[in-house]
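Colleague: got a structure for you, letters missing:
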């Protein structure tokens, strides 16, 4: 959910509107860009959490 919030704020949308924009058929081009941003942020969050855990050990 954190990735959705970050990407939504970058797009100046609410999290619910960002998800709705993704599923609208007329937004095919924007939907791909939105999915890329969501995946990128999600992967970055996972990597950050993993690195934080490794440094704690």
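Modeller: Perfect, thanks for sending it. The model shown is predicted, which means the values in this text are computed figures rather than measured ones.
Colleague: what residues are up against residue 19?
Modeller: By CB atoms under 8 Å, 6 or more residues apart in numbering, the residues touching residue 19 are residue 4. Every C-beta, even on glycine, is put in place using the N, C-alpha and C of the backbone.
Colleague: for it, give its distance to residue 46.
Modeller: 20 Å (CB to CB, to the nearest Å).
Colleague: element containing the residue positioned nearest the centre of the chain, please.
Modeller: For the chain, the residue lying nearest the average C-alpha position, counting by CA atoms, centre = their mean, turns out to be residue 38 (2.4 Å). Here residue 38, judged by DSSP states H and E, is contained in helix 28-56.
Colleague: check which helices and strands that helix sits against.
Modeller: In terms of contacts (3 or more CB pairs under 8 Å, 6 or more residues apart in numbering; DSSP states H and E), helix 28-56 is packed against helix 2-10, helix 15-23.
Colleague: list the buried residues for the last one?
Modeller: The neighbour-count check on helix 15-23 (16 or more other CB atoms under 10 Å) flags 15, 18, 21, 22 as buried.
Colleague: quick one: distance of it to the chain centre.
Modeller: In terms of CA atoms, centre = their mean, to the nearest Å, the centre of helix 15-23 is found 11 Å from the chain centre.
Colleague: what of the first one?
Modeller: Taking CA atoms, centre = their mean, one finds helix 2-10 lying 5 Å from the centre of the chain it belongs to.
Colleague: quick thing: my sequence starts at 189, can you match it?
Modeller: OK, 189 is where the count begins now, so the last one is helix 190-198.
Colleague: measure how it sits relative to helix 216-244, angle-wise.
Modeller: Angle, helix 190-198 to helix 216-244, by axes from the mean of the first three to the mean of the last three CA atoms, to 10 degrees: 130 degrees.
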